[in-house]
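Peer 1: Turn this into a structure:
(one chain, ligands or ions: 2)
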Amino acid sequence: MEFASTYQHSHLERVLFDQASIRERVAEMGAKISREYTGDGLTIVAVLQGGALFMADLIREIRLPLQLESISVASYHGGTSSSGTVTFNQNRLPEVEGRDVLILDDILDTGRTMAAIKAKLEGECSPHSVKSAVLLSKKIERAVEVEADYVGFETGDEFVVGYGLDYRGHYRNLPVIGVLKPEFI
Ligand code: IMP
Ligand code: MG
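Peer 2: Ligands and ions are numbered 1, 2, ... in the order given. Next comes the predicted model:
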């Protein structure tokens, strides 16, 4: 048994990715990133709150010197579908001038969040390069033209929680990723 039968686990209808699969895939992604970046100019920019767990696990699989920054945005505003607007929650942007930036987020859905962050960093922070990595990528038509450079898993068009992903602020600490039972939505 991978975890105690917490209230949270009992809210899941299905587990899509268990702890072992996430661990294995994140290690593969870290190895690939380690091969493809050179030098000491890498800055990881984690998208909070959802990207925090992915960041913590992934950076320990990257065998390169790196710096850590974060950015806080809101696009869901508590529901299960994207609101269409991306709000930046901080005044101070990451210091990434001349650096190779790798943005990390939990999931690529409409693409609006990733596109907005990329545009903001490129437009205002003078990085050397900007790429992105997401643990999950929904197989849907994006609202804007953006794809991630590194993708952990592809998923269907359904709302998922766990491993950083929330529903109204809950379930982020679930160690697995799954689909909620309809009665909890
Ligand atoms: P996008 O801007 O539509 O690509 O949405 C990306 C953001 O929406 C992610 O950073 C997540 O916070 C959130 N999101 C998208 N899909 C899901 C989901 O299935 N579960 C939980 N959060 C999601
Ligand atoms: Mg998010």
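
Peer 1: Show me where the protein has its strands.
Peer 2: 12-17, 42-48, 66-74, 87-88, 100-108, 129-138, 150-155, 177-180 (DSSP state E).

Peer 1: Compare the mean pLDDT across the ones you listed and name the weakest.
Peer 2: Here the lowest mean pLDDT among these goes to strand 87-88, at a mean of 90.

Peer 1: What is that one packed up against?
Peer 2: strand 66-74 (3 or more C-beta pairs under 8 Å, 6 or more residues apart in numbering; DSSP states H and E). All C-beta spots, glycine's among them, are computed from the backbone N, C-alpha and C.

Peer 1: The lowest-mean-pLDDT helix or strand in the chain close to ligand 1?
Peer 2: Within the chain, confidence by mean pLDDT, DSSP states H and E is lowest for strand 87-88 among all helices and strands, at a mean of 90. No: under the criterion of C-beta under 6 Å from any ligand atom, strand 87-88 makes no contact with ligand 1; the nearest approach is 11.3 Å.

Peer 1: what does that strand contact?
Peer 2: Ile71, Ser72, Val73, Ala74, Ser75, Lys120 (C-beta atoms under 8 Å, 6 or more residues apart in numbering).

Peer 1: Direction included, what does it pair against?
Peer 2: strand 66-74 (antiparallel) (DSSP bridges).

Peer 1: Alpha carbons of the partner strand, in PDB - could you do that?
Peer 2: What follows is strand 66-74, C-alpha atoms only, in PDB (Å, rounded to 0.1, in the frame of the first residue of the first chain):
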ATOM      1  CA  LEU A  66      21.300  25.700 -11.200                       C
ATOM      2  CA  GLN A  67      19.500  28.500  -9.500                       C
ATOM      3  CA  LEU A  68      15.900  28.500  -8.300                       C
ATOM      4  CA  GLU A  69      13.300  31.100  -8.800                       C
ATOM      5  CA  SER A  70       9.500  31.000  -8.600                       C
ATOM      6  CA  ILE A  71       6.600  32.900 -10.100                       C
ATOM      7  CA  SER A  72       3.000  32.900  -8.800                       C
ATOM      8  CA  VAL A  73       0.100  33.100 -11.100                       C
ATOM      9  CA  ALA A  74      -3.600  32.400 -11.000                       C
END
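
Peer 1: i'd like the first residue to be 711 from this point on
Peer 2: Taking 711 as the first residue, the last one we looked at is strand 776-784.

Peer 1: Okay, buried residues for it please.
Peer 2: Leu776, Glu779, Ser780, Ile781, Val783 (16 or more other C-beta atoms under 10 Å).
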